[in-house]
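S.K.: turn this into a structure:
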Amino acid sequence: MVEKGFPENNLSSLQKDLNSYVHGFFEGLNVSLASDSDNDALMAEVIWRHFYQGRVDVHMGNIAWWIAYIRAQQVFLDEIPDLHFLNGDFEFLSPSAIPGAP
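M.R.: Numbering: from 1, shown residues only. Take a look at the predicted model:
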């Protein structure tokens, strides 16, 4: 990245910001997936905050689609045999498999 003109000190700051962002997203997603109930409200907040940067002009249909997509992947992964998962012998569902893509 330094070769492309990004100052080295700025790059370190960007890496820290990205690390914090990714950690926050996956921590929030983990909490919403691991909760006792299907906590779609928490998942919606995580998606809204991290995919859409908390913008107020986001259509709720887009967030609902992401929730459906993540839940479909979760069900799919729960249903495949452990050995297939451990060997990487599977493919994630295509986003086009979920109707209403944003």
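S.K.: now do the contacts for residue 46.
M.R.: Taking C-beta atoms under 8 Å, 6 or more residues apart in numbering as the contact definition, residue 46 lies against 25, 28-29, 32. To be clear about C-beta, it is placed using only N, CA and C from the backbone, and glycine gets the same treatment.
S.K.: just the ones in helices from the residues you listed, please.
M.R.: When DSSP state H defines the helices, the subset of the contacts of residue 46 inside them is 25, 28-29, 32.
S.K.: list the helices and strands the lowest-mean-pLDDT helix or strand in the chain packs on?
M.R.: One helix or strand of the chain scores below all others by mean pLDDT, DSSP states H and E: helix 8-34, with a mean of 79. If you count contacts as 3 or more C-beta pairs under 8 Å, 6 or more residues apart in numbering; DSSP states H and E, helix 8-34 packs onto helix 40-51, helix 60-79.
S.K.: can you get me the start-to-end distance on stretch 80-91?
M.R.: Stretch 80-91 stretches 10 Å from its first residue to its last (C-alpha to C-alpha, to the nearest Å).
S.K.: okay, now the unreliable bits of this structure?
M.R.: In the prediction, the chain carries residues with pLDDT under 70 at positions 1-11, 36-38, 102.
S.K.: cutoff 80 now
M.R.: For the chain, the stretches flagged by pLDDT under 80 are 1-14, 35-39, 100-102.
S.K.: neighbours around the residue nearest to residue 66 when sequence neighbours are not counted, how many?
M.R.: Using C-beta to C-beta, 6 or more residues apart in numbering and skipping residues adjacent in sequence, the residue nearest residue 66 is residue 47, 4.8 Å away. Other residues within reach of residue 47 by the criterion other C-beta atoms under 10 Å amount to 24.
S.K.: what does residue 43 give?
M.R.: Other residues lying near residue 43 total 21 when counted by other C-beta under 10 Å.
S.K.: thought it was touching residue 34?
M.R.: No - the criterion here is C-beta atoms under 8 Å, and residue 43 misses it with residue 34 at 11.2 Å.
S.K.: picking up where we left off before, do you know how far the residue nearest to residue 66 is from residue 28?
M.R.: When distance is defined by C-beta to C-beta, to the nearest Å, residue 47 is 9 Å away from residue 28.
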